[in-house]
Structures are given as structure tokens and as C-alpha cells.
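Asker: Give me a model of this one.
(one chain, ligands or ions: 1)
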Amino acid sequence: MRLYRTLFAPTLLAACLATSCADPNQNSTNEVPTAQAATDASPSIKAAYKDAFYVGAALNGRQASGNDAKAIKLLQEQFNTISPENLLKWEAVHPKQGVYNFEAVDKYVALGEQNDMFIVGHTLVWHNQTPKWVFEDAQGKPVSKEELLKRMEDHIKTVAGRYKGRIDSWDVVNEALNDDGTLRQSPWLKIIGEEFLVKAFEYAHQADPEMELYYNDYNLWKPAKRDGAVRLVRNLQEKGIKVAGIGMQGHYGLHAPSLEDIEASIKAFSDLGVKVAFTEVDIDVLPNPSNRQGADIDATFEFDEKYNLYTDGLPDSVQQQLTQRYTDLFNLFQKHSDKIDRVTFWGVTDNDSWLNNWPIQGRTSYPMLFDRQYQPKPAYNAVLEAAAKAK
Ligand code: G3I
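Answerer: This next block holds a predicted model:
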């Protein structure tokens with residue numbers, strides 16, 4: 001997408017969306033489904049927001065390898081950017097020292113390219129879904145700072161380097177902040193110190209100087225965490241690192257956080273001279289056993305029916321609240337489309353969402369725009385209407 005977007009995208013993409021358009025990168029012998037499948041003039045979110053920002057979805061392994069045909073069809077019709085839900089996390093792509101699994105990622109990247117999508121990499125440096133061996137020596141003791149930096153460099157240069165010129169944007173560091181804005185005491189921080197942030201971005205830049213480098217986190221609407229992210233990115237900028245953007249994950253509830261808090265973060269991040277992306281949008285309609293917000297995946301609970309209220313379908317009253325919440329959010333995104341580069345849903349349909357298994361396993365959750373039968377929900381129409389209203 002990178003060259004295509006830079007040189008031709010504004011005009012060609014608009015033309016493609018208005019009519020049907022063959023993919024210039026398309027290889028007719030390749031098995032990956034292409035955008036040609038989705039050619040009718042039915043409404044699409046990507047067309048509705050084409051002058052505002054990219055709109056996308058995170059793909060699970062089945063989808064990324066083309067094995068969920070209905071989801072792929074929706075993807076081609078509705079979205080122009082993709083993120084890998086789990087495929088590019090350290091434990092998936094680099095489970096053992098010296099062992100890399102690229103097969104699934106190769107398919108993910110090919111799918112994105114053949115559908116002219118903006119392709120996101122998620123994520124290079126995180127405390128979760130990173131195998132223990134990364135931080136330990138052969139005796140199970142913490143590795144030295146030098147060794148961990150070397151492992152980080154190898155990982156980033158091998159993974160990001162493999163997709164040089166093909167993955168457009170990387171979440172270089174994910175969730176390095178606590179909610180109070182201080183740095184999380186992750187093994188990265190404990191062993192390397194704050195320098196791990198600088199090094200991660202430097203190695204990523206060296207792996208592919210053209211790609212966009214993002215810092216990504218949840219709960220960035222919280223004032224203290226917002227300030228922490230501003231400090232973090234400003235520190236990087238002062239060291240000469242070009243941070244392209246800040247990813248606000250966007251794991252929200254029906255009524256919280258407030259639009260005002262989200263808006264304040266959009267403005268604060270944009271004031272740093274970086275783009276803002278909403279990278280993992282979903283709205284949890286179910287009651288929660290804790291006061292949790294965001295996506296602290298360590299906070300899990302035993303299954304209890306009282307937190308799984310809608311196993312037979314979403315009541316109209318809740319459906320309406322979900323629809324209104326999406327309307328409000330997309331009105332806000334539209335208002336700041338000069339600052340926002342991308343809005344990505346964390347899944348395609350309700351069935352795909354991680355919220356079916358978090359914070360309690362086995363729930364029936366309804367966070368997305370498409371239901372379990374791949375059908376658009378009222379919230380989908382609301383998102384389309386929000387775009388039309390802004391014109
Ligand atoms: O692949 C194994 C499978 O082999 C095993 O049988 C099964 C048993 O539970 O687990 C499977 O792994 C699960 C994995 O998702 C793939 O489905 C893990 O248990 C589960 O913990 C993991 O959850 C992912 C979570 O990140 C873990 O960190 C979610 O799918 C994924 O949506 C979520 O994504 C994160 C973003 O990367 C960062 N921001 C927060 C967001 C939500 O937590």
C-alpha cells in the first residue's frame with residue numbers, strides 16, 4: 001500500500017470506491033481473495049470515511065489466512081486497513097530463540113496487499129504475549145541489559161525487516177504506561193531501563209526507515225495516562241526519534257469514558273505533531289465484575305451468569321445504547337479527522353471479539369458493528385450516517 005497510497009491513492013482510491021476497480025498489485029494466480037470480489041455500489045464505511053481516515057479491522061488467524069470467507073467479504077467491502085490481532089505478537093512469530101513462524105504473517109500481509117489495504121504491524125515490544133525465554137538466561141536468571149537489547153534488536157530487525165516496504169505502520173511499543181502515567185514495571189523497563197523505549201524505536205526505524213512508528217496503549221483518555229503518553233513521546237522526540245503517531249486503543253464501555261476525555265487526548269497528542277489512530281475499537285455492553293476500564297488482560301474473573309446477561313440476543317434498549325455510543329464516537333472522530341489517521345475495530349464480527357473471553361471466559365458479547373451472522377447491526381448504519389451528516 002505504501003507506494004500506491006503515496007503516489008496514487010487519493011484519486012485512484014476514490015475512483016475505485018465509486019466504481020469497481022481491479023487491484024494493480026493483483027496476481028491472478030494467487031489464492032488470496034482480492035477486492036475484486038467486492039464490487040457493488042452498496043454502502044461501505046471505507047467509502048463513507050474516505051476523505052476522513054482509514055477504517056479497518058483486526059484479523060484473527062483464520063481470517064488472515066483467508067479461511068473465513070464471509071469475514072473476508074466484509075473486510076473487502078467495508079475496510080481499507082487491517083491489523084493482526086495476535087499473529088505478530090512475539091510469542092506467535094518468535095516462540096523460541098532463533099525460531100520464527102512467518103507463514104501466517106506472510107498470508108496476512110499478502111491479503112492486505114492484494115486488497116490495497118493499509119497494513120499494520122502489532123506489536124514489537126510488549127510485556128504480554130512475550131515468552132519467558134526472552135528475559136531469561138539458560139539458568140532461568142534475568143538476562144543482562146546488553147543481552148536483552150541484543151534480543152530486542154534481533155527480533156525487531158528480523159520481523160520488521162522481513163516486511164520492509166510492505167507493512168505500513170508498526171505499533172513499536174505497546175502498553176508501557178501504568179494508568180497513573182508512570183512507566184510500567186515490565187521486564188523491559190526493569191532490565192534495560194527507560195532506554196528500552198528509545199532503542200525499540202531506533203531499531204524499528206533502522207529495520208524500515210519509511211514505515212510509521214507508533215506508541216500504542218489503552219486508557220489514554222485518562223488525564224494522568226494522557227500526560228504520561230505526552231511525556232513518553234516528547235522524550236523520544238527530544239532524542240531525535242520520529243514518532244508517527246499515538247494509538248489510542250479504544251476499548252470503551254457504553255457510557256464511559258466521556259467524549260470530553262477522549263477529545264482532550266486527541267488534541268493533546270496532535271499538539272505533539274503526531275497523528276492519532278484509534279487502533280482497537282470495541283464497546284463492551286456487558287456488566288463488569290470490576291471497575292476495570294481499558295484492556296488490562298491480567299484482570300480476569302470466574303464465570304458467573306450475572307455478567308453474561310444477553311445469551312439469547314441483545315435487548316433493543318441495549319442495542320439502542322450501543323448505536324448511540326457509536327454515533328457519538330464517530331461524530332467525534334469526524335470532528336477531528338484532520339488529526340485522526342485511522343480507526344480500526346478489534347475484530348470483524350461479534351463472534352471474533354476477545355470480549356467473549358475477557359474479563360470472563362465464555363461470555364456472549366456484542367461489541368462490533370457486525371453480528372454473529374455477519375450482518376450489519378444498527379450501529380453500522382449509525383456509523384454510516386455519522387459520515388453523511390458531516391458532509
Ligand atoms: O492460541 C491459544 C490456543 O492454542 C489455546 O487453546 C487457547 C486456550 O485459552 O488460547 C489461545 O491463545 C489465546 C490467544 O488470545 C489466541 O486466541 C490466549 O489464551 C488469549 O489470552 C489471547 O488473548 C488475546 C490478548 O490480546 C492476549 O494478550 C486476544 O485474543 C487479543 O484480542 C488481545 O489483544 C490485545 C491487544 O493485543 C493489545 N491491547 C489489548 C487487546 C485486548 O486485550
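
Asker: which residues does the residue nearest to Lys164 when sequence neighbours are not counted contact?
Answerer: Leaving aside its sequence neighbours, Lys164 sits nearest to Asp208 (C-beta to C-beta, 6 or more residues apart in numbering; 4.2 Å). (C-beta placed from N, C-alpha, C; glycine too.) Asp208 makes contacts with 160-161, 163-165, 167, as judged by C-beta atoms under 8 Å, 6 or more residues apart in numbering.

Asker: Point out the residues in the stretch 1-150 of the chain that sit beside the ligand.
Answerer: 85-86, 128-129 (C-beta under 6 Å from any ligand atom).

Asker: so what's the residue positioned nearest the centre of the chain closest to, chain neighbours aside?
Answerer: Centroid-nearest residue in the chain, with C-alpha atoms, centre = their mean: Thr279, separated by 3.5 Å. Once flanking residues are discounted, Thr279 sits nearest to Gly247: 3.8 Å by C-beta to C-beta, 6+ apart.

Asker: who touches the host helix or strand of the one you found?
Answerer: In the assignment (DSSP states H and E), Gly247 maps to strand 245-248. The contact list for strand 245-248 (C-beta under 8 Å, 6+ apart) reads 169, 171, 212, 214-217, 220-221, 229, 233, 262, 265-266, 269, 272, 274-280, 341.

Asker: what do you get for stretch 143-157?
Answerer: Outside stretch 143-157, the residues touching it (C-beta under 8 Å, 6+ apart) are 90, 94, 97, 124-125, 134-137, 172, 187-188, 191-193, 196, 199-200, 203-204, 206-207.

Asker: Please identify the buried residues of that stretch?
Answerer: 143, 148-149, 151-153, 155-157 (16 or more other C-beta atoms under 10 Å).

Asker: And the next helix or strand past the helix or strand bottoming out on mean pLDDT in the chain?
Answerer: Taking mean pLDDT, DSSP states H and E as the measure, the helix or strand of the chain with the lowest value is helix 9-18, at a mean of 34. As assigned by DSSP H and E, the chain's next helix or strand after helix 9-18 is helix 45-48.

Asker: Next, give phi and psi for Glu212.
Answerer: phi -80, psi 130 (degrees, to the nearest 10).

Asker: which regions of this protein sit below the pLDDT cut-off?
Answerer: 1-41, 290-304 (pLDDT under 70).

Asker: where along it do the strands fall?
Answerer: Applying DSSP state E to the chain gives strands spanning 54-59, 81-84, 118-125, 169-174, 212-217, 245-248, 251-253, 275-284, 340-345.

Asker: Put together JSON lines for the ones you listed, with distance to Leu322 on each row.
Answerer: Listed next are the strands of the chain as JSON lines, based on distance: least, C-beta to C-beta, whole Å:
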{"stretch": "strand 54-59", "distance to Leu322": "17"}
{"stretch": "strand 81-84", "distance to Leu322": "22"}
{"stretch": "strand 118-125", "distance to Leu322": "25"}
{"stretch": "strand 169-174", "distance to Leu322": "27"}
{"stretch": "strand 212-217", "distance to Leu322": "24"}
{"stretch": "strand 245-248", "distance to Leu322": "20"}
{"stretch": "strand 251-253", "distance to Leu322": "11"}
{"stretch": "strand 275-284", "distance to Leu322": "6"}
{"stretch": "strand 340-345", "distance to Leu322": "13"}
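
Asker: Next, the contact list for the residue lying farthest from the centre of the chain, please.
Answerer: Using C-alpha atoms, centre = their mean, the residue of the chain lying farthest from its centre is Gln139. It sits 35.9 Å away. By C-beta under 8 Å, 6+ apart, Gln139 lies in contact with nothing.
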